[in-house]
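# Here is my input, please return the structure:
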Amino acid sequence: MKTGIIHSKKSLYHDTGDGHPENKFRIQSIIERLKKGDNTKLDWSEPNKFDEALLCKTHNSHYISEVKKAFPKKGKFFLDGDTIISPGSKDASYDAVSSVTSAIDLVKNKKLKNAFCAVRPPGHHAEYDKAMGFCIFNNVAVGANYLIEKYKYKKIAIIDFDVHHGNGTQNIFYSNEKVLYLSLHQFPHFPGTGADNEKGRYDNIYNVPLPAGTNSEEFLNAYERILKKLKDFKPEFLLFSAGFDAHKDDPLSNINLHSQDYFEITKRTLIASKDYCNGNVVSILEGGYDLNALAESTEKHVKALIEF
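Below you'll find the predicted structure:
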């Protein structure tokens, strides 16, 4: 079986304006880099048609309704100070969610080995009832709830290696014993959450805050704590919140990873989880704002998905 790349062209229609760090060129740089490589081991597909019911287990119905009404017919609208929507944002955000559930179906039904969802807008800052930090709907959270509702999974792990803490994902699952949320991130940093004393109602939240200036060796050593918690939990399905903004070249962070480190992070995780997950792995793009670093790091991440 091949590794899947789930991608919708509609992600490019989400127009955040000139100069905004979360822009269409992020996806373009990733897709161009992956297509230059060996595509014989990749399966490319678009998401299935969006089912709005998928949002209702993750977000407040009033919030969903308000977002739908907010999508403009022209121009731009601010959901918050950072999160901009345009006429194309509706299809892009719906396809981001559908990409995750489509990937889960393909992996679960053994049509793909594993999958990477090249989506935007990102999701892990989106709360139950509000947009935040470039995020409209919480893509990875929708995926976890989909696994619980459709496939009746009882042990789902979310590993978030974005440099920013996924406050939305943490809060959505804070009292859900079926989901283990693991995050390694710069702290203190936006959004201000992610201290190591935030543990969840069932000890199902595990944060590893790292200081600015953390280098590759320090990061990878700290990541072993994430893997130990993962092994103790023994997940049946693994979701990555795959942000690549801990790279040394990223303009929005101060962690000093190299592109190759993302291969190592992914490889170690897949090896650690293989006895429990049986290959059930879906990765979802979050942050990463230097185009070359993002494309190169994503390529390394996907290479590990292919090889392990």
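
# Make sure Y146 is actually in contact with C56.
No. Assessed by Cβ atoms under 8 Å, Y146 is found out of contact with C56, at 11.3 Å. For every residue, glycine as well, the C-beta is placed using N, CA and C.

# These two - which one has more neighbours?
The neighbour count for Y146 versus C56, taken as other Cβ atoms under 10 Å, is higher for Y146 (21 against 13).

# and that one, what is it in contact with?
Neighbouring residues of Y146 by Cβ atoms under 8 Å, 6 or more residues apart in numbering: L54, K57, V100, T101, I104.

# again, but for M1
Applying Cβ under 8 Å, 6+ apart, the residues near M1 are K110, K111, L112, K113.

# who wins for most neighbours among those?
Counting by other Cβ under 10 Å, top hit in those: L112 with 24 neighbours.

# where does it land in three-state SS?
coil (DSSP: H, G, I helix; E, B strand; the rest coil).

# For it, give me its contacts.
Contacts of L112 (Cβ under 8 Å, 6+ apart): M1, K2, T3, G4, D43, A103, L106.

# can those go into TSV with extra columns for secondary structure and distance to H247?
Converted to TSV, the contacts of L112 look like this (DSSP: H, G, I helix; E, B strand; the rest coil; distance: Cβ to Cβ, whole Å):
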residue	secondary structure	distance to H247
M1	coil	30
K2	coil	27
T3	strand	22
G4	strand	24
D43	strand	27
A103	helix	24
L106	helix	29
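
# what about L112, distance to K150?
Using Cβ to Cβ, to the nearest Å, L112 is found at 17 Å from K150.

# Also P121?
Counting by Cβ to Cβ, the gap from P121 to K150 is 24 Å.

# repeat for S241
20 Å.

# same question, G166
For G166 relative to K150 (Cβ to Cβ), the value is 23 Å.

# Please apply the same query to N48.
Distance from N48 to K150, by Cβ to Cβ: 13 Å.

# Then I271?
Distance from I271 to K150, by Cβ to Cβ: 28 Å.

# Buried residues in the helix or strand where E299 lies, which are they?
Element membership for E299 (DSSP states H and E) is helix 291-307. Residues of helix 291-307 classed as buried by neighbour count (16 or more other Cβ atoms under 10 Å): 291, 293-306.
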